[in-house]
Every structure is written in structure tokens, then in C-alpha cells.
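Colleague: model this:
(one chain, ligands or ions: 1)
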Amino acid sequence: MDDPKLVEDIVHALDIEGGSAKRRPVHTIGIGATGVFEPSPVAKDFCTAEHFQPTEKPLEVAVRFSNGMGLVKEHDGWSDVRGMAVRFKLSNDRATDLISMTLPVFFAPTPETFLQFATAARPKECNRETPWQKIRDFLKLQIPMPDPYPGQETRPNEGATEFADKHAYAQPAVLQASVIGAPVSYVRASYHAVHTFIVTDPDGTDRWVRFNWQPIAGVLNTNPLDPPVGVYLKEDLEKRLAHGIERFSLMMTIGETGDDFNDSTKQWPPHRKRVMMGLLTLNDVPKDQEAHAEKLSFNPWLLTDGIRPSEDPVLKIRKDVYEFSSNRRGGIPCPFSGTEG
Ligand code: HEM
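Modeller: Take a look at the predicted model:
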């Protein structure tokens with residue numbers, strides 16, 4: 001168990017006005033979908049985990065897509081990181097999770113520095129920059145602060161940018177988060193599991209890898225100059241899956257000597273080998289969203305033989321942070337609280 005005070009402090013630092021302790025402190029708004037996963041023909045050569053083995057009947061999956069912010073009120077059109085949590089249902093009532101988001105890197109290399117970041121990035125009052133302030137930003141080689149959306153009074157951008165000015169490790173994630181925008185659909189974004197995991201192949205060889213999901217329909221954002229107002233992402237997914245299917249490829253990038261395996265603020269060079277590990281097909285949005293999404297408790301440590309976590313300290317603390325948060329909001333089942341179901 002990680003330092004329980006640190007775990008609690010981190011969750012409290014994520015709690016914001018407009019959120020609720022009865023809900024997730026981040027990724028509060030979301031929608032569950034179900035479907036199947038079929039491994040690619042080569043997946044088994046790289047990893048012995050059950051979901052990568054050939055099978056006659058594709059594995060069932062439960063997915064929750066989410067908006068990253070911790071507000072109970074839904075603002076789909078606002079620029080925000082989006083999440084995709086996937087649970088692969090294995091044999092004998094076991095499961096394994098893969099949790100990812102639309103940023104390829106994380107904000108901080110350790111739990112302690114993440115606590116500092118989360119505290120600094122608590123939403124603050126936001127104002128529209130004047131044209132002169134924007135010109136000054138450009139001259140300082142900085143991206144000007146985006147104009148607040150109608151009705152947006154506070155946001156994390158100001159505090160996060162100030163923090164990144166002083167802490168170089170936060171710059172890649174803060175910069176990308178500040179320009180990320182809003183997707184036209186949860187299934188038109190790519191999602192990254194960010195941390196490094198270790199996969200074992202049938203010969204017993206270990207590889208240090210990072211996973212990401214690529215939408216078969218392609219990535220498409222809304223027009224930032226004319227952002228959609230209100231709520232549209234849930235309805236979009238319901239409509240798409242009422243009439244058809246949506247797919248994602250699971251890609252696995254293989255790290256090489258010199259790549260950082262334990263620090264998810266560091267991106268790997270773009271030319272690393274990538275392996276297509278399988279195809280996810282979504283085909284339904286279950287009616288009972290409480291059971292199929294809101295009460296679910298994903299955890300990046302819910303792994304299975306053939307995949308293990310790296311030594312990344314942020315990945316390590318997420319095990320207890322997610323359990324604490326799930327217990328607090330009454331999520332079931334929490335895979336690590338002895339209530340596995
Ligand atoms: C120190 C680092 C992190 C902390 C403290 C943190 C904290 C949390 C917490 C407390 C929750 C709610 C859990 C629950 O109540 O079930 C959550 C959900 C989530 N987090 Fe993180 N997180 C961290 C890093 C990440 C990273 C690196 C990713 C992406 C790879 C990520 C993606 C998500 C997603 C997608 C959800 C929603 C899961 C769902 O739909 O149930 N988080 N996070």
C-alpha cells in the first residue's frame with residue numbers, strides 16, 4: 001500500500017467546486033458501451049496474456065468513455081482530455097483493464113510532483129486575454145490563453161501554465177492539453193495508456209511497451225472557432241451504436257534501450273516499432289448506465305499473467321488512488337478492496 005495520506009491528499013487535490021464526492025473526482029461525466037475484442041494473428045507472439053490468444057469466440061469488453069474534467073455539469077464542447085477505460089472479460093470471471101486518455105504523456109513524473117501539479121492547477125477565475133496580451137504571448141513564444149467558453153468562469157489552464165513555466169517536466173502535457181479541443185465523437189479520438197507495461201512472450205522474453213487505441217473511423221475534432229454548445233457526445237455514441245458498430249485498433253509500441261520506462265512525462269521517439277495487437281468492436285450502449293458505467297471501478301493494476309506494471313511511481317500509486325476514490329463514491333466492484341465480483 002502506498003502512503004495512505006499521500007493517496008488521500010491526491011484525491012482531495014483533484015476535488016473541485018462543481019464536482020461531487022459521490023462521483024469520480026476526475027473523468028466525472030462518462031458513458032458506458034459494450035462490445036468485443038479480437039486479438040490480431042501476431043499478438044500471441046508478443047504476449048502470453050489471455051486476451052491476446054486466438055479464440056473462437058471474441059472476448060467481451062466493457063468500455064467507459066469520459067470527459068477528463070471533474071465537473072458534474074456536462075460541457076462536451078469545451079477543450080478537455082477524454083478518457084477510455086476498457087475492461088476485457090477473461091475466463092473464470094476474471095478481467096483485465098486498460099485505462100487510457102487522449103494525451104500521450106502525463107503531467108508529472110512522481111506522485112509527489114503530481115500532488116503539487118494538481119494543487120497548482122486547481123481551477124481559477126479566467127478572463128479573456130486582450131489582443132495585446134496575445135501578441136505579448138506570441139513574442140514570448142507562448143501559446144495565448146484560449147478565450148473562455150460562454151459560461152466558463154474558472155478553469156485549470158492558468159494555474160497549469162504557471163506551473164509548467166517553472167517545471168519543465170509538465171510542459172509537454174500542459175502544452176498538449178491546452179490545445180487539445182473537443183472531439184466530434186468519443187470514437188473519433190485516439191487514446192494512450194501513457195505508462196510503460198512489461199509484456200512477456202511465449203519464449204519468456206520481456207518487452208517494455210506502451211499501448212494506445214486508434215479509431216478506425218479516424219481522428220476528428222470539432223471546429224475550435226465554432227465550438228459545439230452543451231451536450232452531444234453521449235447522444236452521438238448512442239446513435240452510432242443503435243445503427244452500427246465502431247472500431248478501434250489496439251497498438252503496442254515497443255520501447256528500446258535509452259527510452260524512459262518509468263517516467264510517463266517522457267514521450268518515446270516516434271519511430272519505435274509498433275505492433276497491431278487487436279481490434280475492439282463496440283456494438284451497444286447498455287440502458288442501465290449505473291451498472292455498466294457509473295458504478296464500475298476500473299484500475300490500471302487489474303492485469304493478468306503475461307502483463308505486469310513497470311516501476312513508474314505514478315502507475316504504482318494509481319492502484320490505491322483508484323481504490324480510495326471508488327470506495328468513496330460507492331463504486332462496485334473495486335478489484336482491490338476484497339469485493340471483487
Ligand atoms: C497520479 C496520477 C493519476 C491520478 C491521481 C488519477 C486519479 C484518478 C481518479 C481518482 C479517478 C477516479 C477513479 C474512480 O473513482 O473509479 C480517475 C479516473 C480515470 N483516470 Fe486517472 N489518475 C491518474 C493518472 C491517469 C493517467 C496516466 C490516465 C491515462 C492513462 C488516467 C485516466 C483516467 C481515466 C480514463 C479515468 C476514468 C476511468 C473510468 O471511466 O472509470 N489517469 N483517475
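Colleague: Give me the three-state assignment for R308.
Modeller: Of the three states, R308 takes strand under DSSP: H, G, I helix; E, B strand; the rest coil.
Colleague: from memory L280 sits against R247, does it?
Modeller: Yes: counting by CB atoms under 8 Å, L280 does reach R247; the two are 6.4 Å apart. Glycine gets a C-beta too; all of them are placed from N, C-alpha and C.
Colleague: Which of these two has more residues huddled nearby?
Modeller: More neighbours surround L280 than the other of L280 and R247, with 24 against 16 (other CB atoms under 10 Å).
Colleague: Geometric centre of this structure: which residue is closest?
Modeller: By CA atoms, centre = their mean, the mean C-alpha position of the chain lies nearest to M101, the distance being 2.4 Å.
Colleague: That one and the ligand, how far apart?
Modeller: Per CB to the nearest ligand atom, to the nearest Å, M101 is found 4 Å from the ligand.
Colleague: same check, this time on V187
Modeller: In terms of CB to the nearest ligand atom, V187 sits 15 Å off from the ligand.
Colleague: what's around that residue, how many residues?
Modeller: Neighbouring residues of V187 were enumerated by other CB under 10 Å; the total is 26.
Colleague: residues touching the closest residue to W208 other than its chain neighbours, list them.
Modeller: Once flanking residues are discounted, W208 sits nearest to G255: 4.1 Å by CB to CB, 6 or more residues apart in numbering. Contacts for G255 (CB atoms under 8 Å, 6 or more residues apart in numbering) come out as 196, 207-210, 261, 268, 272.
Colleague: ok, of the residues you listed, which one's closest to the ligand?
Modeller: For the contacts of G255, the residue nearest the ligand by CB to the nearest ligand atom is R210; the value is 9.9 Å.
Colleague: any idea how far the residue nearest to the centre of the chain lies from A43?
Modeller: Going from M101 to A43 by CB to CB, to the nearest Å gives 23 Å.
Colleague: List the contacts of the closest residue to N127 other than its chain neighbours.
Modeller: Leaving aside its chain neighbours, N127 sits nearest to P148 (7.3 Å; criterion: CB to CB, 6+ apart). P148 sits next to 126-128, 155 when contact means CB under 8 Å, 6+ apart.
Colleague: Any chance of JSON lines for the residues you listed, columns pLDDT, secondary structure and distance to the ligand?
Modeller: Formatted as JSON lines, these follow (pLDDT from 0 to 100; DSSP: H, G, I helix; E, B strand; the rest coil; distance: CB to the nearest ligand atom, whole Å):
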{"residue": "C126", "pLDDT": "92", "secondary structure": "coil", "distance to the ligand": "23"}
{"residue": "N127", "pLDDT": "88", "secondary structure": "coil", "distance to the ligand": "29"}
{"residue": "R128", "pLDDT": "93", "secondary structure": "coil", "distance to the ligand": "30"}
{"residue": "R155", "pLDDT": "94", "secondary structure": "strand", "distance to the ligand": "19"}
